[in-house]
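> predicted model and sequence follow; I will ask about them next.
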There are 4 protein chains.
Amino acid sequence: MSSSWGKRIRISLFGESRGAAVGVVLDGLPAGEALNLKQLQHFMSRRAPDGDELSSSRREADEPKILSGLKSGFTTGAPLAILIENKDAVQPEGEDRTRVPRPGHADYPAQVKYHGYQDAGGGGHFSGRLTAPLCAAGGICLQLLNRRGITIGAHIASIASVQDERFNAVHLELQTLQKLQSLRMPVLSAEAGNQMRRAILCEASDGDSLGGVIECAALGLPIGLGGAWFGGLESRIASLVYAIPAVKGLEFGDGFAAANMRGSEHNDAYVLRDGALGMETNHAGGVLGGMSTGLPLIFRTAFKPTPSIAKPQRTVDLQSGEETTLCVTGRNDPCVVLRAVPAIEAATAIALLDALLEG
Amino acid sequence: MSSSWGKRIRISLFGESRGAAVGVVLDGLPAGEALNLKQLQHFMSRRAPDGDELSSSRREADEPKILSGLKSGFTTGAPLAILIENKDAVQPEGEDRTRVPRPGHADYPAQVKYHGYQDAGGGGHFSGRLTAPLCAAGGICLQLLNRRGITIGAHIASIASVQDERFNAVHLELQTLQKLQSLRMPVLSAEAGNQMRRAILCEASDGDSLGGVIECAALGLPIGLGGAWFGGLESRIASLVYAIPAVKGLEFGDGFAAANMRGSEHNDAYVLRDGALGMETNHAGGVLGGMSTGLPLIFRTAFKPTPSIAKPQRTVDLQSGEETTLCVTGRNDPCVVLRAVPAIEAATAIALLDALLEG
Amino acid sequence: MSSSWGKRIRISLFGESRGAAVGVVLDGLPAGEALNLKQLQHFMSRRAPDGDELSSSRREADEPKILSGLKSGFTTGAPLAILIENKDAVQPEGEDRTRVPRPGHADYPAQVKYHGYQDAGGGGHFSGRLTAPLCAAGGICLQLLNRRGITIGAHIASIASVQDERFNAVHLELQTLQKLQSLRMPVLSAEAGNQMRRAILCEASDGDSLGGVIECAALGLPIGLGGAWFGGLESRIASLVYAIPAVKGLEFGDGFAAANMRGSEHNDAYVLRDGALGMETNHAGGVLGGMSTGLPLIFRTAFKPTPSIAKPQRTVDLQSGEETTLCVTGRNDPCVVLRAVPAIEAATAIALLDALLEG
Amino acid sequence: MSSSWGKRIRISLFGESRGAAVGVVLDGLPAGEALNLKQLQHFMSRRAPDGDELSSSRREADEPKILSGLKSGFTTGAPLAILIENKDAVQPEGEDRTRVPRPGHADYPAQVKYHGYQDAGGGGHFSGRLTAPLCAAGGICLQLLNRRGITIGAHIASIASVQDERFNAVHLELQTLQKLQSLRMPVLSAEAGNQMRRAILCEASDGDSLGGVIECAALGLPIGLGGAWFGGLESRIASLVYAIPAVKGLEFGDGFAAANMRGSEHNDAYVLRDGALGMETNHAGGVLGGMSTGLPLIFRTAFKPTPSIAKPQRTVDLQSGEETTLCVTGRNDPCVVLRAVPAIEAATAIALLDALLEG
């Protein structure tokens, strides 16, 4: 198991769903960077369950406590250790994920791999709860990126069959990204947002769950950011995004649709714009050869439906060796996509700052 | 730029499209592993252009020369350095990729990043030519995996709108994967293969190009292989697959389709099979919580159409600062997907052996 | 600044001398390892100041709080986060290490590097206080090594000119190492220990400090542990030992004395011992070609005298730009060597477990 | 086995003493750096055996062939692959290092570790021959450092009991370092050099060998270069220097002598020099808290005597299980220290450039 990542920026995640705390060590930041903790808390709160019917009833304030690496509001150049206490962790009576694995969860392969030694409650270290420290680390990286002229934003592109509008891949505006950060339901079309909400509530009331797609963009990247092969932006972002639980798909620019296009359709022609080189289209999603082209970086991530559902599911009791039925009635989001939006932004921020500091 | 990858297995790629040679250093293999060089050469030849009208007319035998780490046919435990000479590299007269960048290629961002110092001929270090050493490293990893009961295979799932059959996600047979390795056009349905061939030739004759999708599978993985977060199978495979030029999309199991499913549809129920735990479906593509479930690991990769096309394209002359038109008439594949199949298998093999040796 | 280390085992240190806490994330341990927390606390207490006149008057219980990765006394396979609160951190009035740097400390280069943003109080992240989490991580690794038949022990080889006996490089007994772990003043000759104590007290009363040498040994290493070049035992141990503050020298086996020997004197001949291959001497310190020979691994580390001394020292006021005189009257050890013994053992344990798990 | 190193700069060594070639991949260099290949060849030639009676009679020109990453004399930003052919590798008849291990060599632990699969001829991958590619990589790093105002130089501080003068730790002159680079026997005192030569020849004629000490210095380092813990200059340099075969000791500044000093003697006081902060002494060897102080970086490395000696030595025939006697009559240097001088400079250059590029 490797919960560490990074070349120039190094992050080391720790914690379990129902342990004392989750957290992260973030090493490699430059010294002298002002951190706005209020802004960080706001970013974290976008991930936190807010108690409405769209998210888990678990009550977590998700206050990141910075234990080191910060003095008088500025980074010191030493590692930042960030602790987020688990204040509302409960272990339901009778629940034993090492004995009756939940379909769609890490329970069963973890049981085989760790022979029952894993902390299985609530998914343990595999839990989406760990996206809290990921967001803390990413939220800090975002502030450094903003200071360098880079902005990241994301919206829910779809929930089940309800589609939001797409980002304008060429003329994406800074304000569009900024506005999304203040929305509880980050969508471009308010009407689509309402429909998404209804779709989720409908499934939730039926004891079922939904998946969806998040579209993420970054503006202000210097041309040439990234590099060849494993240093490419797509490779770096993919290794972080695919670490987030429930992610099953990732595509940059036209992505899978590009596979059905001709070269003459997909290539983004170079043209003159006010005397400077520009591009009329952005099928590439802002990346060529692993490097930023200067146009908006755009990618989409597919999330599977929340595996925890109240509907009865078939599974096997590993102790008795018999088939059984399981209803997962814990405090689960009927659709993880809403709270995953800042996690995707965070992963992107870490990857981009890592590339940027590498020079 | 980072052309190095790995935790337990470390690979370090080098070379340029038109340099003396391309190659790789592969460090971290156990000692005492028999290497079948004939089998490696066969694997490499699946990637090499074969001179028919479906691939580049560049003539490269792609003979991997193993300079170190091998003695009497067995690995020694020391790094394997593998050299593949460029025997048919030509630099067309008048071509200057630092001055007139090709749309869809790394030319322009590389020019900005490296200020003209990059080796731009034929894409230089960004060239798909570097998938030759990637295949050499991966082909060796494949042999070690085979010896441990793991088989990897891939087929062309689609070229443009022509679709091959899909892998049977639950009952995928070893023979199916093995048979694909002997096909010049690796498809499950011969009829689909013929249509793909015709589609490519049709576009090629029009000076255009096509993209496509590759579906890859691995059989025989031990349950629990991989781990949480950045050590997960999806994260590891993604970081390697996204290093391959022209990859724009990646999805595991149902992937993007999962985003449109209910939890009750997507979760793979656990059932008893001959007294042991089994699964009736494999929507997850064989991975839960970053770990192998024991079912076939299945993922799909989308490739954009070859950016080099003979059709005239708009671009800008960076020296004169004026718009111009460019026809790329080099020796390019009208569709990179055919030759990318072993590259995808190779990337998968490296990722899986790395996870396996980590224990 | 890189406070992360590791290949198979990864440690990430954090914290400052006078912050809320110091700590470490330890990733990569196998699951199912029993941890004896009482034994860990005993190991930590060997590093903690004990309030006698030989060490700092700072009162720190150094209780390692394990936040994650442990369940019912066994490792889970997830990262262990360990927190050690700073309970007796005080910031003396008027002290400003960014303005008047202490000779022999990191103050001045840190001020130039971090432009005053570093946490300078008590040395901040550069403080020996960080050896507490290093010992916590190492103390855990030690328990895993013990379970695999490997024991590490160290003694004070010298303080100033007072010499302890040397380890018997060939016939070193397990009991010798074990006994040392229970001694407050870990020496082989009690008389030497008494003289060392007197020497330290004498200098302390004069407002001065002393350095010394620690000799460390490991028994039970499998033959061949380690590897060539950067994977060699000496390279791995050196990278960790040289991270410990005040270390200025390191030698394996005969070390610097070997430079003055003939090959015929230094080579350790192979002989038969009870029918098996053995060695009559151990000039190599148990390492050849970066690999364990099966004989005791033995090395010595030189520590400079504690730079914090009460005697007046010349320095420069960086603000006024004038020379000044500084007496460092904080709570400092007159000789860091005593408390550094477990830190050396810890660094060795981390390096050896990393090599061992790499296989 | 790990033959890869690096954070910002990554090197990957490969090859064996008697294989086709040895080499290195050097990744992470900036683009646009002019490389002077003549200067590189001169640097390499200082390591190459020159056929006089002081070194091996093996004839190797050690011409580094750069396969990639270089265009028109400038680095491209892509990895440099460097190949050095083995032109004079011979395998003496009857020699079998897997059966009768040479005392003082890697033969025996390698045989246990790799079960006979290692390439044992001439030490294989463990051979000092691999310092050729290390020097190639380091020689290139040196050129980049020189361009940034940093110079590295080293001399033989002692061979057996013959001592050269020491570097002046405070007022070390650039010319002193530069002059050393042109000397076949790099010493400060020509008379000491003559005595060393005689001492070596005397032992060689007796079939024996000698060890020695190299003192290395770097001038022009920016204050604050390096960092805390594992990012410190001492930790980085140590991990590279201890990878070089035959190194058994390393000390910075006063090193082991510091262990016998008082704090008031060892601390380097800060004083005003022409209005700026300076230091009157340099007991620290130019490093405090892992960071450069601005004074010369100075360290010493102890080499054991060459283990290959013509004198008969006791060893064991692993096949027959009986004691036997071995005379190593190959082409070995009677003292490796002479040819190790550029290897130490190379290791230092790699470590310092890595730290410098990290910023």
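Received the coordinates, thanks. Numbers count the residues shown, from 1 in each chain, chains lettered A, B, ... in the order given.
> and for whichever residue of the stretch 151-300 of chain A sits closest to chain D, the neighbour number?
When distances are taken as C-beta to the nearest C-beta, the stretch 151-300 of chain A reaches nearest to chain D at residue A:228, 6.9 Å away. The C-beta positions use only the backbone N, C-alpha and C, and glycine is treated the same way. Here the count is done by other C-beta atoms under 10 Å in any protein chain shown, and residue A:228 has 28 residues near it.
> if I look at it, how far off is residue A:235?
10 Å (C-beta to C-beta, to the nearest Å).
> overlap in contacts, those two.
Common contacts of residue A:228 and residue A:235, defined by C-beta atoms under 8 Å, 6 or more residues apart in numbering or on different chains, comprise residue A:290.
> still on that earlier bit, just to check, the residue of the stretch 151-300 of chain A closest to chain D is in contact with residue A:290?
Yes. Between residue A:228 and residue A:290 a contact is recorded at 5.6 Å, counting by C-beta atoms under 8 Å.
> overlap in contacts of these two?
Among the neighbours of residue A:228, those also in contact with residue A:290 (C-beta under 8 Å, 6+ apart) are B:106, B:126.
> which residue is the nearest non-sequential neighbour of residue A:249?
residue A:302 (3.2 Å; C-beta to C-beta, 6 or more residues apart in numbering or on different chains).
> was I right to think that neighbour contacts residue B:256?
Yes. Under the contact definition of C-beta under 8 Å, residue A:302 touches residue B:256, with a separation of 4.4 Å.
> these two: who's more crowded?
Counting neighbours by other C-beta under 10 Å for residue A:302 and for residue B:256 shows that residue A:302 has the greater number, 27 against 22.
> just the helices in the stretch 201-350 of chain A please.
Read by DSSP state H, counting those that start in this stretch, the stretch 201-350 of chain A holds these helices, from start to end of the chain: A:233-241, A:263-266, A:337-358.
> please enumerate the strands of the stretch 101-250 of chain A.
Per DSSP state E, counting those that start in this stretch, the stretch 101-250 of chain A has strands spanning A:151-159, A:162-163, A:212-219, A:247-252. These are given in chain order.
> mean neighbour count and distance to residue D:283 for those strands - can I get that in JSON lines?
Supplementary listing: the strands of the stretch 101-250 of chain A in JSON lines, determined by neighbours: other C-beta atoms under 10 Å in any protein chain shown; distance: least, C-beta to C-beta, whole Å:
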{"stretch": "strand A:151-159", "mean neighbour count": "25", "distance to residue D:283": "49"}
{"stretch": "strand A:162-163", "mean neighbour count": "20", "distance to residue D:283": "70"}
{"stretch": "strand A:212-219", "mean neighbour count": "24", "distance to residue D:283": "50"}
{"stretch": "strand A:247-252", "mean neighbour count": "27", "distance to residue D:283": "55"}
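> nearest to residue C:19, out of the ones you listed?
In terms of C-beta to C-beta, the element of these nearest to residue C:19 is strand A:151-159, at 29.9 Å.
> if I look at the closest residue to chain B within the stretch 1-150 of chain A, how far off is residue C:280?
Residue nearest to chain B within the stretch 1-150 of chain A (C-beta to the nearest C-beta): residue A:106, separated by 2.4 Å. With the distance defined as C-beta to C-beta, residue A:106 ends up 54 Å from residue C:280.
> again, but for residue A:146
Spatial separation of residue A:146 from residue C:280 under the definition C-beta to C-beta is 67 Å.
> stretch A:40-59 and chain B in contact?
No. If you take C-beta under 8 Å from any C-beta of the partner chain as the test, stretch A:40-59 misses chain B, and the best it gets is 14.5 Å.
> can you give me the end-to-end span of that stretch?
19 Å (C-alpha to C-alpha, to the nearest Å).
> what of stretch A:331-339?
Between where stretch A:331-339 begins and where it ends, there is a gap of 14 Å, by C-alpha to C-alpha.
> so what are the sheet partners of the helix or strand of chain A with the lowest mean pLDDT and their directions?
Using mean pLDDT, DSSP states H and E, the weakest-scoring helix or strand in chain A turns out to be strand A:4-5, at a mean of 84. Under the criterion DSSP bridges, strand A:4-5 sits next to strand A:10-15 (antiparallel) in its sheet.
> got the angle between the next helix or strand after the partner strand and strand C:10-15?
Per DSSP states H and E, the first helix or strand lying C-terminal to strand A:10-15 is strand A:21-27. Between the direction of strand A:21-27 and that of strand C:10-15, the angle (axes from the mean of the first three to the mean of the last three C-alpha atoms, to 10 degrees) works out to 90 degrees.
> got the contact list for residue A:224?
With contact taken as C-beta under 8 Å, 6+ apart, residue A:224 is in contact with A:291-292, B:109-110, B:112-114.
> swap in residue A:163?
Counting by C-beta under 8 Å, 6+ apart, residue A:163 touches A:157, A:192.
> so how many other residues sit close to the closest residue to chain C within the stretch 201-350 of chain A?
Nearest residue of the stretch 201-350 of chain A to chain C: residue A:243, at 13.6 Å (C-beta to the nearest C-beta). Residues near residue A:243, counting by other C-beta under 10 Å, number 27.
> look up how far residue B:236 lies from it.
Counting by C-beta to C-beta, the gap between residue A:243 and residue B:236 amounts to 10 Å.
> name the residues contacting each of the two.
With C-beta under 8 Å, 6+ apart as the test, residue A:243 and residue B:236 reach no residue in common.
> now the helices of the stretch 201-350 of chain A in a markdown table, with distance to residue D:189, mean pLDDT and mean neighbour count?
Listed next are those as a markdown table, based on distance: least, C-beta to C-beta, whole Å; pLDDT from 0 to 100; neighbours: other C-beta atoms under 10 Å in any protein chain shown:
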| stretch | distance to residue D:189 | mean pLDDT | mean neighbour count |
| --- | --- | --- | --- |
| helix A:233-241 | 53 | 97 | 27 |
| helix A:263-266 | 70 | 97 | 22 |
| helix A:337-358 | 45 | 96 | 26 |
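> out of the ones you listed, which gets nearest to residue A:123?
Proximity to residue A:123, assessed across the helices of the stretch 201-350 of chain A by C-beta to C-beta, is greatest for helix A:337-358 (14.8 Å).
> is the closest one up against chain C anywhere?
No. Applying C-beta under 8 Å from any C-beta, one finds helix A:337-358 separated from chain C by no less than 12.4 Å.
> residues contacting residue A:270?
Contacts were defined as C-beta under 8 Å, 6+ apart; by that measure residue A:270 touches A:277-279, B:101, B:103, B:108, B:314-316, B:323.
> looking at those, which are in strands?
A:277-279, B:314-316, B:323 (DSSP state E).
> ok so, going back, show me the two of the contacts of residue A:270 that sit farthest apart.
Of all pairs drawn from those, the one with the largest separation by C-beta to C-beta is B:108 and B:323; the distance is 13.9 Å.
> ok, those two, which is more surrounded?
Using other C-beta under 10 Å, the more surrounded residue of residue B:108 and residue B:323 is residue B:108, with 29 against 14.
> can you get me the start-to-end distance on stretch A:29-38?
Taking C-alpha to C-alpha, stretch A:29-38 runs 19 Å from one end to the other.
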